[in-house]
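Asker: Below is the sequence, then the predicted model.
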There are 2 protein chains.
Amino acid sequence: MAIIVAKFGGTSVADVERIENAADKIKREVERGNKVAVVVSAMSGVTNRLVGYCDAISKLQDLREYDTVVAAGEQITAGLMALALQKRGIGARSWMGWQIPFKTTEMHGKARITDIDPTEILKRMEEDEVAVIPGFQGVTERNRISTLGRGGSDTSAVAMAAALNADRCDIYTDVDGVYTTDPRIVPKARKIKKISFEEMMELASLGAKVLQTRSVEIAAKKKVAMQVLSSFEDRIGSDLPGTLIVKEEKIMEEQLVSGIACSRNEAKITFIGVKDQPGAASKIFTPLSEAGVSVDMIVQNISHDGQLTDMTFTVGRSELTRALDAIEKAGIECEEVRSADNVAKISIVGIGMISNSGVAGTMFEVLSDKGINIEVISTSEIKVSVLIDEEYAELAVRALHTAYGLDAAV
Amino acid sequence: MAIIVAKFGGTSVADVERIENAADKIKREVERGNKVAVVVSAMSGVTNRLVGYCDAISKLQDLREYDTVVAAGEQITAGLMALALQKRGIGARSWMGWQIPFKTTEMHGKARITDIDPTEILKRMEEDEVAVIPGFQGVTERNRISTLGRGGSDTSAVAMAAALNADRCDIYTDVDGVYTTDPRIVPKARKIKKISFEEMMELASLGAKVLQTRSVEIAAKKKVAMQVLSSFEDRIGSDLPGTLIVKEEKIMEEQLVSGIACSRNEAKITFIGVKDQPGAASKIFTPLSEAGVSVDMIVQNISHDGQLTDMTFTVGRSELTRALDAIEKAGIECEEVRSADNVAKISIVGIGMISNSGVAGTMFEVLSDKGINIEVISTSEIKVSVLIDEEYAELAVRALHTAYGLDAAV
């Protein structure tokens, strides 16, 4: 007997039929002898509609009221899921955030979880009752409804799993797992069976949109095994059909590189001829940070003559205009500022890199062989990212996928 | 300074624009120096959609989950109304049933109010904050969301007004008041300025659908003055533009008859040749009550020969089939059972009847003059109802409206 938390996202509970389909999956889990808590999102489209109502009234909202409005979406799905489970002969009840209580900070609209009391839910699990919990919502110390921010249901599920000391947190979604890269770019992409929290965090933050980064962070910290799996496919007989996200130690066959991410949400800014003296970097980055622009990759060239240097860095593509504005206002001394948004960031991610040198070297070689120029490089313990011309993005991903032995056997 | 509870029904908060319009009305009330609590229904259509989801999953529902789902409708409107008021510079916050708390019995789906704690809301009213309360919902002793049954928002508003010791409970709706009769039948129908609780209860139960009967009952018991008024019309300058429902003593100019109601939701059943002996009536009415059929008007003719008699009574038109079923199964001894659903119940209602004889006589005379046959009569202290052929319904209402001096001056 295990305790499983199963989370269903918006497309998995889009209408009554899909809610019934999700309830069938829960039933199968219960029949395996497991104790289950279900976390549900709002039916797809509902949150957008509710947010739209709020925006139509006022853009500057009291976020306490905004939270009260939007949390209704998950409340509806939770009640309906409980009804669908009961229809299948399974004891079930819904638990609103304030009923658990699922406590959060007072920062409405993007509250953080502070405490979850699992006592009553655990007691009822003993009596074979399935708990149905609306994702995304909690209650503050002041007894107001709060929400965790968009995508917060993954976080709700992992936090609930930690509180229940669950054996696994299953994230049912519209893909059947985490892939070595985007299958739309590389048809030979393989589904990953097991991946470490650290790798998943890098992949999530690098644009693999399967999971909310924060949920993986919490899972890593609380040591909650996660599984990403499809709510639409049925692999009868397979106990773990998706991708498992676990502690590094649990991964036996270590790949050098586990996955390749490609992000087009990038823009680069280059300062030509900046004075090469202490404080030059801070003169550029302080105004950007004050304007709320996050800077990602940074590279500074060796100065030609010991006096002037070039500096290149990337920002989110949607923040480029704001960044250039901030730079202009700051009046930074330099010969020229260039910017471009036709760039892509390609990253290789793998726990294996820690103990293997030469991984990055292979990357640079492969790209060079294809005639692809690397504009910026940044690395971490388990990741190497390069910025290249966007035109070459697919070619680079395909070549690297093959080079690191990730292609599926056909 | 007065405390006013203002309730807006579904059509009055149908979309964001109407919510804004309702907020304008509240603003005007606040500018008059009043303290205001607003009770809101779900946006029109929302409750039906949510009920539809529940029904699609299962007809035999756990009403605790049903309540959790449908209560979300009012929750949404309450948050949006708070936002709309804040936009107008008015301090406002929403209060869910469980936050107040607004306590009810455990009878989910049609819970009754047991206790409302007004302390915090009254405190904040002193600080000029408007309380926005979702109608229809409460919380049980077991901390589950409950609902009061369809139309329960009127009841929520009156109960809230009683708890706050409010000076008036304004019911904003899609008509501008209570009329002497249905203006679609009698164009000369007049809007009533003041009416007693007792008369309003009779009119509500007789098919004037302006208010939920239960809300008027509570208002009468708790002595809460009500006003029915339009949320669409604006009578600038008029402090009390609608119909006031108050204690009898407060009505100065007493009309003999205040209003005329017409209900087509009637069917009659006649037993011909029933044995005229003790227990005959109970043999007929016990099976009906067991089948959940409410019997309204009853008339028993004097028996022709001391042995056999005829008995006629009315039931709701939608319950006729069920009533006839129950009768057949009970195997009641009689010569014949006849039924008809082409009947209408016409009622005159007026506090003035208590102290004036001859009111009923006028009614019978007027109907007789028009050649309308009265099939059954039933009376109470402030009401006379007659059952007639449905074909004559409009004619009867018009003739009575004129006879009792209710026609508006043209």
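Answerer: Received it, and whenever you're ready, just let me know what you need.
Asker: residues in contact with the residue of chain A positioned farthest from its centre?
Answerer: Most distant residue from the mean C-alpha position of chain A: A:Asp305, 43.9 Å away (Cα atoms, centre = their mean). Counting by Cβ atoms under 8 Å, 6 or more residues apart in numbering or on different chains, A:Asp305 makes contact with nothing. Every C-beta, even on glycine, is put in place using the N, C-alpha and C of the backbone.
Asker: Quick check: it is in a helix.
Answerer: No: using DSSP: H, G, I helix; E, B strand; the rest coil, the assignment for A:Asp305 is coil, not a helix.
Asker: per-residue pLDDT, it?
Answerer: Listed pLDDT for A:Asp305 reads 73.
Asker: What are the boundaries of the helices in the stretch 151-300 of chain A?
Answerer: Counting by DSSP state H, counting those that start in this stretch, the stretch 151-300 of chain A has helices at residues A:152-163, A:197-205, A:213-222, A:280-290.
Asker: Serialize those helices to CSV and add fields for mean neighbour count and mean pLDDT.
Answerer: Putting the helices of the stretch 151-300 of chain A into CSV (neighbours: other Cβ atoms under 10 Å in any protein chain shown; pLDDT from 0 to 100) gives the following:
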stretch, mean neighbour count, mean pLDDT
helix A:152-163, 27, 96
helix A:197-205, 24, 87
helix A:213-222, 21, 92
helix A:280-290, 16, 88
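Asker: Show me what from chain A comes close to chain B.
Answerer: Within chain A, the positions adjacent to chain B are A:16, A:19-20, A:50, A:53-54, A:56-58, A:61-62, A:64-69, A:71-73, A:75-76, A:78-80, A:82-84, A:86-87, A:93-94, A:96, A:98-99, A:143-145 by Cβ under 8 Å from any Cβ of the partner chain.
Asker: what would the helices of the stretch 151-300 of chain A look like in a markdown table with distance to A:Leu122?
Answerer: Below are the helices of the stretch 151-300 of chain A laid out as a markdown table (distance: least, Cβ to Cβ, whole Å):
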| stretch | distance to A:Leu122 |
| --- | --- |
| helix A:152-163 | 9 |
| helix A:197-205 | 25 |
| helix A:213-222 | 16 |
| helix A:280-290 | 44 |
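Asker: Quickly note the distance from the residue farthest from the centre of chain A to A:Gly273.
Answerer: 10 Å (Cβ to Cβ, to the nearest Å).
Asker: list the contacts for the residue in the stretch 251-400 of chain A that chain B sits nearest to?
Answerer: In the stretch 251-400 of chain A, the residue that lies nearest chain B is A:Gly292 (24.9 Å; Cβ to the nearest Cβ). Residues near A:Gly292 by Cβ under 8 Å, 6+ apart: A:Arg322.
Asker: check contacts around A:Ala71.
Answerer: A:97, A:134, A:136-137, A:145-147, B:75.
Asker: how about 7 Å then?
Answerer: A:136-137, A:145, A:147 (Cβ atoms under 7 Å, 6 or more residues apart in numbering or on different chains).
Asker: Just the closest of those to A:Glu248, please.
Answerer: Proximity of the contacts of A:Ala71 to A:Glu248 (Cβ to Cβ) peaks at A:Phe136, which lies at 29.6 Å.
Asker: ok, for that closest one, nearest residue in space, not its chain neighbours?
Answerer: Leaving out its chain neighbours, the residue that sits closest to A:Phe136 by Cβ to Cβ, 6 or more residues apart in numbering or on different chains is A:Gly152, at 4.3 Å.
Asker: ok, now A:Leu164?
Answerer: Using Cβ to Cβ, 6+ apart, the nearest residue to A:Leu164 is A:Pro118, at 5.0 Å.
Asker: these two touch, right, the one you found and A:Ala162?
Answerer: No: taking contacts as Cβ atoms under 7 Å, A:Pro118 lies outside contact range of A:Ala162: 9.3 Å.
Asker: Nearest spatial neighbour of the residue of the stretch 151-300 of chain A found nearest chain B, chain-adjacent residues omitted?
Answerer: Nearest residue of the stretch 151-300 of chain A to chain B (Cβ to the nearest Cβ) works out as A:Ser153 at 16.5 Å. Spatial nearest neighbour of A:Ser153, chain neighbours left out: A:Gly135 (2.8 Å); criterion: Cβ to Cβ, 6+ apart.
Asker: what's the answer for A:Asn143, then?
Answerer: Using Cβ to Cβ, 6+ apart, the nearest residue to A:Asn143 is B:Gln99, at 5.9 Å.
Asker: shaky segments in chain A?
Answerer: Within chain A, the segments meeting pLDDT under 70 span A:150, A:207-208, A:235-238, A:252-254, A:304, A:410.
Asker: Mark out where each domain of it begins and ends.
Answerer: A:3-249, A:260-403 (automatic domain parsing).
Asker: A:Ser368 - how many residues pack around it?
Answerer: 11 (other Cβ atoms under 10 Å in any protein chain shown).
Asker: Tell me if I am right that A:Val315 is in a strand.
Answerer: Yes: using three-state DSSP, the secondary structure at A:Val315 is a strand.
Asker: Tell me the spatial nearest neighbour of it, not counting adjacent residues.
Answerer: Here the residue nearest A:Val315, using Cβ to Cβ, 6+ apart, is A:Ala323, at 4.8 Å.
Asker: now A:Ile346
Answerer: A:Ala396 (5.0 Å).
Asker: Now do the contacts for that neighbour.
Answerer: Counted by Cβ under 7 Å, 6+ apart, A:Ala396 has contacts A:346, A:367, A:370, A:372, A:388.
Asker: how does it look with 6 Å?
Answerer: A:346, A:372, A:388 (Cβ atoms under 6 Å, 6 or more residues apart in numbering or on different chains).
Asker: my guess is A:Val139 is in a strand, correct?
Answerer: Yes: counting by three-state DSSP, A:Val139 falls inside a strand.
Asker: ok, now how distant is the nearest residue to it once chain neighbours are set aside from A:Ile133?
Answerer: Counting by Cβ to Cβ, 6+ apart, A:Val139 lies nearest to A:Trp98, which is 3.9 Å off, once chain neighbours are set aside. Look at A:Trp98 and A:Ile133: by Cβ to Cβ, they are 12 Å apart.
Asker: Between the two, tell me which one has more neighbours.
Answerer: A:Ile133 (27 against 23).
Asker: Regarding that one, which helix or strand does it belong to?
Answerer: According to DSSP states H and E, A:Ile133 maps onto strand A:130-134.
Asker: That strand to helix A:152-163, inter-axis angle?
Answerer: Here strand A:130-134 points in a direction 140 degrees away from that of helix A:152-163 (axes from the mean of the first three to the mean of the last three Cα atoms, to 10 degrees).
Asker: Note down every partner strand of strand A:130-134 and its orientation.
Answerer: Strand A:130-134 pairs in its sheet with strand A:35-40 (parallel), strand A:92-94 (parallel), by DSSP bridges.
Asker: Doesn't A:Ile388 lie inside a helix?
Answerer: No: using three-state DSSP, the assignment for A:Ile388 is strand, not a helix.
Asker: quick one on the thing from earlier: please tabulate the strands paired with strand A:130-134 in JSON lines and include mean neighbour count as additional columns.
Answerer: Below are the strands paired with strand A:130-134 laid out as JSON lines (neighbours: other Cβ atoms under 10 Å in any protein chain shown):
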{"stretch": "strand A:35-40", "mean neighbour count": "30"}
{"stretch": "strand A:92-94", "mean neighbour count": "25"}
